[in-house]
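Asker: mind folding the following:
(one chain, ligands or ions: 1)
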Amino acid sequence: MRKSKSKSKQMRKGRHEEEQEEISKLNRWIDSQKPDSGTNPLSLPPLPKDAPIGILHDDKFSRYSGATMFKELPLSKRTLDGLKRANFSKMTDIQMASLPHSLCGRDILGAAKTGSGKTLAFIIPILEKLYKERWGPEDGVGSIIISPTRELAGQLFDVLKTVGKLHNFSAGLLIGGRKEVEMEKEHVNALNILVCTPGRLLQHMDETPNFDCSQLQVLVLDEADRILDVGFKKTLNAIVAQLPKRRQTLLFSATQTKSIQDLARLSLKDPEYISVHEDAETATPNRLQQTAMIVPLEQKLDMLWSFVKAHLNSKILVFLSSCKQVKFVFEAFKKLRPGVPLKCLHGRMKQEKRMGIYSQFCESHSVLFSTDVASRGLDFNKAVDWVVQVDCPDDVASYIHRVGRTARYLAGGRSVLFLMPSEMKMLEKLQTAKIPVQFIKANTKRLQPVSGLLSALLVKYPDMQQLAQRAFITYLRSIHIQKDKEVFDVLKLSIEDFSASLGLPMTPKVRFLNQKIKGKKVFGKSALLESEDSEKENDAEIPSEKLDIVTFKEGSVDRLKENLEIGDSEEENVEKGFLQMKDALNGSGPKTGEIEDLVPATRVLKKKKLKINIHRPVGSRVVFDEEGNTLPPLARVADRKNVDDSSLLDQDKREEYYKKMREQMKHVDKEDKVLDRQRRREKRIKEKMKRKIGSMGLEEDGEGEDDLSGSEGEGRKYKRSKIYFDSDSDNADTTGSKDTAGIITDSISLAEQEALALKLLGSMHS
Ligand SMILES: Nc1ncnc2c1ncn2[C@@H]1O[C@H](COP(=O)(O)OP(=O)(O)OP(=O)(O)O)[C@@H](O)[C@H]1O
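Answerer: Presented below is the predicted three-dimensional model:
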């Protein structure tokens, strides 16, 4: 027993010495062959094919700048074996260009096309740095990787686990909200590498006792431009303020920030600017075939439906502008059964479901409807065949990231962008940004219209009406708040047709547009309904999350903790920041000076929900069901026993039916108005009456309680009158004598009041 103990102690000692020797060799290799600062390793000739690698002679080492294979780099055996196991042997351009610099500890500002392997370009330097520093559990947080979205953080964590499998570090995926964060707090101090979203990281910095990043060695911002932009500004500033200045910082993105201010915020030290595709002919992957076509707003769903039907064997990622759009299109298409599995992904889904959808979409061929939550960084395992942008991206960068979900690494891919006639300026912008988009004419002959089917669906499934209405409103809002007015102009949209294309029988009223177009008849004849969607995209429920912590042990991955439920709603808050920012820039929201305050940061600000009954069009009666819920007009119709659904599928009958319904609504509306007018008139009369009574010195009950205590106002001729009722008989005691409480009352009788009122009424009408 004692023998085996001392044997294993000896083995450990031997291993320790071997590692120490390896580290010393790596350090000497790195130092002796350091590329000059500002040089581009890609411009150097590759090493000759069978040239010796590593130590040559007399402590001379092989050149690693200009290396094309991972094994030619000064990397530890553990990292090299991890790469080999994952089948990574040849480097991509961004890896060749950045690793020689990052391995010698320099700060990096790296840009390369989507799908070009930026992840390994920052994971490898982290592993190497901590290994060479002999980082252990007691050393705490050595590296932090920040990602803008949870899915991307999860993906980066997976790559870290794979490549770092043979190292001894512990790592944690920290994403999500407050739920069960306590469990996370118990483990977070023992982690060496954190992969996190900004909000969650800051939450730990604020709340976790003894959370310490003072020894941080490497900070990585993936999708750096996104993390540095206004949506994360406060959060990131608060994070950076708690990090040591002496550290290595690596920033990567396909659309890199060039803002000096941004870089100053991160206190980069003489960073290496590595933009491997800057001189490339195109800003997007070469194997990506990109097309754009004109699709009027009201034809978008017809076109999307036709597209899906024509590509039933493809894996398709569809981008829409809001969660509501995604929900509606997904639900509607699902009910119409196109013949291919459909999925949806957006920031308001529960995190577990989100992760599930993400993994399912990795595995199978299907159509995924998504917001921009899936636009950055995600590398779906089985390649995406098509990226379809139904709604125009916010800007060129957003376009690049969206289409970048296909044609990754060596794979090919295709994309199509639907542009409305008013958005043609976007095409120009893309072309100026070296994005080779081919403009094609839509083949309308093969268009399969779905709006008729959608109308029928809305009748058959009452819940769909709300979805459609919300999709309608949020889409218009998304256009309204866009910053780039050259591309996005809500006033150019024919919203009545849009509404009809969603299957809505009437065009909902949009208050923010109403204000905008005062006096300008842009939307045709329809009186718009008062149903502005109060439930914004970002009012997310707090989704639950999983905490993944992993310890890298020699030859094994030991999960410390799995499936702990925690939660966050960070992306929604970031989106919220963007929305508010856009509002501010448009002058429709807070002013520039207030922008700072709008940016969500440490705290998740719960948005106040407006209580607007979106089911209730103006002039219609609100009808309640048995549980007290209001029923939208179509739901009431659908509930009626005598409505034959099948008859509604017939186009003519349906139209006739809608016509009848509209007339009915108009009629009810008229009645409502008459009633309302009557009520107002009565109110006016009553008020006049009160005034007359007042001017005669008689006051109504309930006013000026103090008068009874004797504090009479100056010039007041009469004491306040009060009418007392006998609780038994309900008769007014109008005797003017002492009541039971001994108060003298100067009262007039009801009969007198009525007579007076009649007199006044008579005088008003004469
Ligand atoms: N050296 C390599 N050899 C083979 N495959 C690689 C190599 N490096 C990366 N890959 C693969 O290329 C794909 C894209 O890599 P990665 O996700 O790192 O791209 P990215 O540049 O970060 O993209 P994005 O800008 O969209 O975030 C991944 O599937 C990854 O496994």
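
Asker: residues touching I126, list them.
Answerer: By C-beta atoms under 8 Å, 6 or more residues apart in numbering, I126 lies in contact with S143, I145, L160, I193, V218, V220. The way it works is simple: take the backbone N, C-alpha and C, and place the C-beta from them, glycine included.

Asker: mind doing that once more with 6 Å?
Answerer: By C-beta atoms under 6 Å, 6 or more residues apart in numbering, the residues touching I126 are S143, V218.

Asker: can you check W386 too?
Answerer: Per C-beta under 6 Å, 6+ apart, neighbours of W386: S314, I316, R414.

Asker: pLDDT score for the first one?
Answerer: We have a pLDDT of 95 for S314.

Asker: could you pull up phi and psi at it?
Answerer: Dihedral pair for S314: phi -110, psi 160, per degrees, to the nearest 10.

Asker: with the second one instead?
Answerer: Summarising the backbone geometry of I316 under the convention degrees, to the nearest 10, its torsions are phi -120, psi 130.

Asker: in the stretch 101-250 of the chain, which spans are strands?
Answerer: 108-111, 143-146, 170-174, 193-196, 218-222, 248-253 (DSSP state E, counting those that start in this stretch).

Asker: ok and the residue in the stretch 201-350 of the chain nearest the ligand?
Answerer: Using C-beta to the nearest ligand atom, the point where the stretch 201-350 of the chain gets nearest to the ligand is A254, with a distance of 4.0 Å.

Asker: can you tell me the closest non-neighbouring residue to that residue?
Answerer: Distances taken as C-beta to C-beta, 6 or more residues apart in numbering place T114 nearest to A254, at 4.5 Å, with adjacent residues excluded.

Asker: count of neighbours near that neighbour?
Answerer: When neighbours are defined as other C-beta atoms under 10 Å, T114 has 25 of them.

Asker: and the gap between it and the ligand?
Answerer: To the ligand, T114 is 4 Å away according to C-beta to the nearest ligand atom, to the nearest Å.

Asker: do the same with A433
Answerer: 16 Å.

Asker: per-residue pLDDT, the closest residue to that residue other than its chain neighbours?
Answerer: For A433, ignoring the flanking residues on the chain, the nearest one in space by C-beta to C-beta, 6+ apart is V396 at 4.6 Å. At V396, the model reports a pLDDT of 97.

Asker: before we move on, what about K113?
Answerer: pLDDT at K113 comes out at 97.

Asker: got phi/psi on it?
Answerer: phi -50, psi 160.

Asker: am I right that it is in contact with H277?
Answerer: Yes - look at K113 against H277 with C-beta atoms under 6 Å: they come within range, at 5.0 Å.

Asker: more neighbours: those two, which one.
Answerer: More neighbours surround K113 than the other of K113 and H277, with 25 against 19 (other C-beta under 10 Å).

Asker: ok, back up a step: ok, and the most crowded of the contacts of W386?
Answerer: I316 (24 neighbours).

Asker: against L410, how distant is it?
Answerer: 21 Å (C-beta to C-beta, to the nearest Å).

Asker: same question for L675.
Answerer: 71 Å.

Asker: in terms of pLDDT, where does the residue nearest to T507 when sequence neighbours are not counted sit?
Answerer: Leaving aside its sequence neighbours, T507 sits nearest to S499 (C-beta to C-beta, 6+ apart; 4.1 Å). According to the prediction, S499 has pLDDT 94.

Asker: for the host helix or strand of S499, buried residues please.
Answerer: For S499, the element it lies in under DSSP states H and E is helix 495-501. Neighbour counts over helix 495-501 (16 or more other C-beta atoms under 10 Å) mark I495, E496, F498, S499, A500, S501 as buried.

Asker: got the CA coordinates for it in PDB?
Answerer: Extracted C-alpha coordinates of helix 495-501, given in PDB (Å, rounded to 0.1, in the frame of the first residue of the first chain):
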ATOM      1  CA  ILE A 495     -50.300  48.300 -44.200                       C
ATOM      2  CA  GLU A 496     -53.800  47.400 -45.100                       C
ATOM      3  CA  ASP A 497     -52.500  44.800 -47.600                       C
ATOM      4  CA  PHE A 498     -50.000  43.700 -45.100                       C
ATOM      5  CA  SER A 499     -52.700  43.200 -42.500                       C
ATOM      6  CA  ALA A 500     -54.800  41.200 -45.000                       C
ATOM      7  CA  SER A 501     -51.800  39.100 -45.900                       C
END
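
Asker: and the helix or strand where G452 lies, what does it pack onto?
Answerer: Under the criterion of DSSP H and E, G452 resides in helix 451-460. Helix 451-460 makes packing contacts with helix 323-336, helix 462-480, helix 633-639, helix 645-648 when contacts are defined by 3 or more C-beta pairs under 6 Å, 6 or more residues apart in numbering; DSSP states H and E.

Asker: so what are the sheet partners of the helix or strand following the first one and their directions?
Answerer: When you say that, I think you mean helix 323-336. Toward the C-terminus, helix 323-336 is succeeded by strand 342-345 as the next helix or strand (DSSP H and E). Here strand 342-345 has these sheet partners by DSSP bridges: strand 367-370 (parallel).
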